[in-house]
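Engineer: quick one: sequence and predicted model below, then my questions.
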Amino acid sequence: MQRRSFLKKAALGAAAGGATLAAPAIAQEAPTLNWRLASSFPRSADAIYSGGENFAKYVREATDGKFQIRAFPAGEIVPALQVLDGVQNGTIECGHTASYYYFGKDPALCFDAAVPFGLNTRQMNAWMRHGDGLKLTREMFKKYKIVNFPCGYTGTQMGGWFRNEIKTVDDLKGLKFRCSAFAGAVLSRLGVVPQQIAGGDIYPALEKGTIDGAEWIGPYDDEKLGFHKVARNYYFPGWWEGTLQVSLYVNEDAYAKLPKGYQAVLAQASAAATNDMIAKYDAENPAALRRLVADGAVLKAFPKAVMDACYAESQKLYQEYAAKDPMFKQLYESMVAFRDNEIPWFRVAEGSYDGFMGTIGRK
């Protein structure tokens, strides 16, 4: 009697367990969705543009094709610098962009991308995932009705291409320099005349002398645009971008309607796309830099006096913005505290190792 009762209960349990775990039943409940993703980057900038395409591919694969996201290059459905607006108003469900493009709306948005003398790639990734970075930036994006996800890093960028040498702080005065808005706000305090020019228009502006210098991204991307042919002085580092974090923007209402499983897929797909972009830049930049130097680019470090002056002015500007905006202040203080805690460790471990490895002669 007891044996028959046990077998009956076991059979019922197995049947119940089978119903709970049946993959086909779960798959049938997943909705079929078609979203559009607008990128702020042209297809020709393949390393950074591919972040959006890879993200869409991973979402499609993880959902067995039920959740389709089509990526569009800059300008095809939304202007490059209006991706935030497109996601906010629901014109598109999601976008792949850099938050510092919207400096004019709110300087605090730059903490989701890059700020002068900020974090490097490893530190930014850590602040976002294990510090307060993602929590604070998501709070900031609520007023834009956007849910943000880190979705790519470029690594530390270069300081740009200059027609003439930068030997002293005085050499910055009157310099017409194409750069990001936050960097321009700092440099303008030292006499630079910042220029906002689209990537495709930089080369002719340099060639004609309309501008005296320009920063873009780094060797792999810069080589394609041929800047070294018209402005051979290639400076480093790009102190305004210790890294650039590229972000996935998702419309808040569209995100809320997704099943929890699909929400999880978005997070994991953006993380996978992030890893791909880091690897792409780390793999391509070294060879590209060698080719540029072999083709006449002259590699130079910004003089310490110039770096010190830029750092001093950036600190003044941070304090001015923080005094006006509590959200900016909270993000800035969180980032600085995290950075200052990280740097000693990076100097002891990563810095010392990289320093020694740089002394090893090549065969």
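Structural biologist: Okay, I see it.
Engineer: per-residue confidence at Glu29?
Structural biologist: If you check Glu29, the pLDDT there is 75.
Engineer: next, count neighbours for it.
Structural biologist: In terms of burial, Glu29 registers 9 neighbours under the definition other CB atoms under 10 Å. C-betas here are computed from N, CA, C, even on glycine.
Engineer: what sits against it?
Structural biologist: Applying CB atoms under 8 Å, 6 or more residues apart in numbering, we find Glu29 in contact with Pro259.
Engineer: next one: it from Thr63, what distance?
Structural biologist: 12 Å (CB to CB, to the nearest Å).
Engineer: swap in Ile211?
Structural biologist: For Ile211, the distance to Thr63 equals 46 Å [CB to CB].
Engineer: kindly report the same for Phe111.
Structural biologist: Applying CB to CB, the value for Phe111 to Thr63 is 32 Å.
Engineer: next: His228.
Structural biologist: Relative to Thr63, and taking CB to CB, His228 is found at 44 Å.
Engineer: neighbour count winner among Phe111 and Thr63?
Structural biologist: Taking Phe111 and Thr63 together and counting by other CB under 10 Å, Phe111 has the greater number of neighbours (26 against 21).
Engineer: now that one, nearest residue through space, not along the chain?
Structural biologist: The shortest distance from Phe111 to any non-neighbouring residue, by CB to CB, 6 or more residues apart in numbering, is to Leu331 (4.3 Å).
Engineer: tell me the secondary structure of that neighbour, please.
Structural biologist: Assigned by DSSP: H, G, I helix; E, B strand; the rest coil, the conformation of Leu331 is helix.
Engineer: can you pull out the helices in the stretch 101-250 of the chain?
Structural biologist: Under the criterion DSSP state H, counting those that start in this stretch, helices of the stretch 101-250 of the chain are mapped to 121-130, 133-141, 181-187, 199-208, 219-225.
Engineer: quick one: closest of the ones you listed to Met307.
Structural biologist: Closest approach to Met307 among the helices of the stretch 101-250 of the chain (CB to CB): helix 181-187, 11.7 Å.
Engineer: distance from that closest one to the middle of the chain?
Structural biologist: Averaging C-alpha coordinates over helix 181-187 and over its chain gives two centres that are 18 Å apart (CA atoms, centre = their mean, to the nearest Å).
Engineer: next one: stretch 110-117
Structural biologist: Distance of stretch 110-117 from the chain centroid (CA atoms, centre = their mean) equals 9 Å.
Engineer: surely Arg339 and Gly118 touch.
Structural biologist: Yes. Look at Arg339 against Gly118 with CB atoms under 8 Å: they come within range, at 7.0 Å.
Engineer: tell me which of the two has more neighbours.
Structural biologist: Neighbour tally, Arg339 and Gly118, criterion other CB under 10 Å: the higher count belongs to Gly118, 24 against 19.
Engineer: OK, contacts around the more buried one?
Structural biologist: Residues Phe111, Met124, Glu241, Gly242, Thr243, Met335, Arg339 are the ones in contact with Gly118 under the rule CB under 8 Å, 6+ apart.
Engineer: what's the answer for Leu37, then?
Structural biologist: If you count contacts by CB under 8 Å, 6+ apart, Leu37 has them with Gly52, Phe55, Ala56, Ile69, Arg70, Ala71, Phe72, Ile92, Glu93, Cys94, Gly95, His96.
Engineer: tell me how many other residues crowd the nearest residue to the fifth one once chain neighbours are set aside.
Structural biologist: If I follow you right, that is Arg70. Residue nearest to Arg70 in three dimensions, not counting chain neighbours: Arg36, with 5.6 Å by CB to CB, 6+ apart. Using other CB under 10 Å as the criterion, Arg36 is surrounded by 19 other residues.
Engineer: could you do Glu333 as well?
Structural biologist: Neighbouring residues of Glu333 were enumerated by other CB under 10 Å; the total is 13.
Engineer: how close does it sit to Tyr321?
Structural biologist: Glu333 sits at a distance of 12 Å from Tyr321 (criterion: CB to CB).
Engineer: contacts only, for Gly191.
Structural biologist: Taking CB under 8 Å, 6+ apart as the definition, contacts of Gly191 comprise Leu172, Lys173, Gly174, Leu175.
Engineer: those residues: which two are farthest apart?
Structural biologist: When the contacts of Gly191 are compared pair by pair using CB to CB, the farthest-apart members prove to be Leu172 and Gly174, with a separation of 8.1 Å.
Engineer: need the overlap of contacts for those two.
Structural biologist: Residues touching both Leu172 and Gly174 by CB under 8 Å, 6+ apart: Gly191, Val192.
Engineer: more neighbours: those two, which one.
Structural biologist: Neighbours of Leu172 and Gly174, each counted by other CB under 10 Å, are more numerous for Leu172; the result is 21 against 10.
Engineer: ok, that one touching Leu190?
Structural biologist: Yes. If you go by CB under 8 Å, Leu172 and Leu190 touch, sitting 4.8 Å apart.
Engineer: and the lengthiest helix in the chain, what other elements does it pack with?
Structural biologist: Residue-count comparison of every helix in the chain, with assignments taken from DSSP state H, identifies helix 260-294 as the longest. Secondary-structure packing of helix 260-294 (3 or more CB pairs under 8 Å, 6 or more residues apart in numbering; DSSP states H and E): helix 46-62, strand 146-153, helix 219-225, strand 245-251.
Engineer: name the nearest residue to Ile278, sequence neighbours excluded.
Structural biologist: The shortest distance from Ile278 to any residue that is not its chain neighbour, by CB to CB, 6+ apart, is 5.2 Å, and that residue is Tyr153.
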